[in-house]
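Chemist: below is the sequence, then the predicted model.
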Amino acid sequence: MTCGVRTFSDAFRSDFAALLHWRRDVRAFRTDPVDEALLSECLDAFLTAPSVGLSEPWRVVRVTSGSARAAALANFRAANAEALESYEEERATAYARLKLSGMERAPVHLVVCCDDSTAKGSGLGARTMPEMRRYSVVAAITQFWLAARTHGLGVGWVSILDPERLLRDLALPDAWRLVGYLCVGWPEAEDDTPELARAGWDAPRGHLPLWER
């Protein structure tokens with residue numbers, strides 16, 4: 001502790017840098033179940049996430065029923081087929097080879113929404129930028145993702161979906177907006193290189209573009 005400010009050791013900072021580096025978007029899962037106590041511990045990361053005006057607008061739905069999972073998978077397949085049609089020639093061939101969802105094997109499915117109607121926080125910080133509530137949900141997802149990774153759990157964020165269709169199929173409140181469909185489970189394999197980079201779809205920048213004004 002220095003002047004009342006919490007500091008961390010060099011060893012911790014090194015481990016944290018490694019955690020950020022090894023946080024990957026997982027698409028290939030083993031079907032082994034995830035211990036309920038472990039999942040609950042990881043979900044607790046939502047409780048310490050930052051949110052605009054302390055609004056805590058995240059709403060987490062665990063998708064467990066066969067019918068709900070089937071509806072989500074059908075949604076992905078339809079959206080994926082539509083996306084494939086938007087590419088041409090070599091890009092279409094490359095897209096078709098990508099594995100873009102772990103929905104069939106991941107033992108845990110989570111739908112994370114933003115409640116745009118929440119009264120918590122009394123609108124502080126969101127009157128001029130209401131999208132800050134959804135950014136807050138993204139921050140909470142990131143915390144959950146990192147917490148899961150510390151235990152070796154993988155998380156895959158499925159974004160190839162029709163969000164309105166998903167909300168209807170799951171009969172969720174009208175004021176909720178889909179932010180993330182997360183697949184969670186034990187990875188079949190681990191790699192510190194993004195899967196899309198390994199597949200040749202694109203390459204990480206490797207540096208941060210920085211502008212000044």
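Modeler: Yes, it's here.
Chemist: after the helix or strand encompassing Leu38, which helix or strand is next?
Modeler: Leu38 is located in helix 36-43, with elements delineated by DSSP states H and E. Tracing the chain past helix 36-43, the next element assigned as helix or strand by DSSP H and E is strand 58-62.
Chemist: so for Ala96, what's the pLDDT?
Modeler: Listed pLDDT for Ala96 reads 95.
Chemist: I misspoke; the intended subject was Thr7.
Modeler: With respect to pLDDT, Thr7 has a value of 93.
Chemist: the residue nearest to His151 when sequence neighbours are not counted: neighbour count?
Modeler: Leaving aside its chain neighbours, His151 sits nearest to Leu38 (6.1 Å; criterion: Cβ to Cβ, 6 or more residues apart in numbering). In this view, the C-beta of every residue, glycine as well, is placed from N, C-alpha and C. A count of nearby residues for Leu38, using other Cβ atoms under 10 Å, gives 13.
Chemist: His151 and Arg105, how far apart?
Modeler: 19 Å (Cβ to Cβ, to the nearest Å).
Chemist: pLDDT weak spots in this protein?
Modeler: Along the chain, the model assigns pLDDT under 70 to residues 1-3.
Chemist: centroid residue for it?
Modeler: Residue closest to the average C-alpha location in the chain (Cα atoms, centre = their mean): Trp157, at 4.2 Å.
Chemist: quick check: it touching Gly180?
Modeler: Yes - under the criterion of Cβ atoms under 8 Å, Trp157 makes contact with Gly180 at 5.4 Å.
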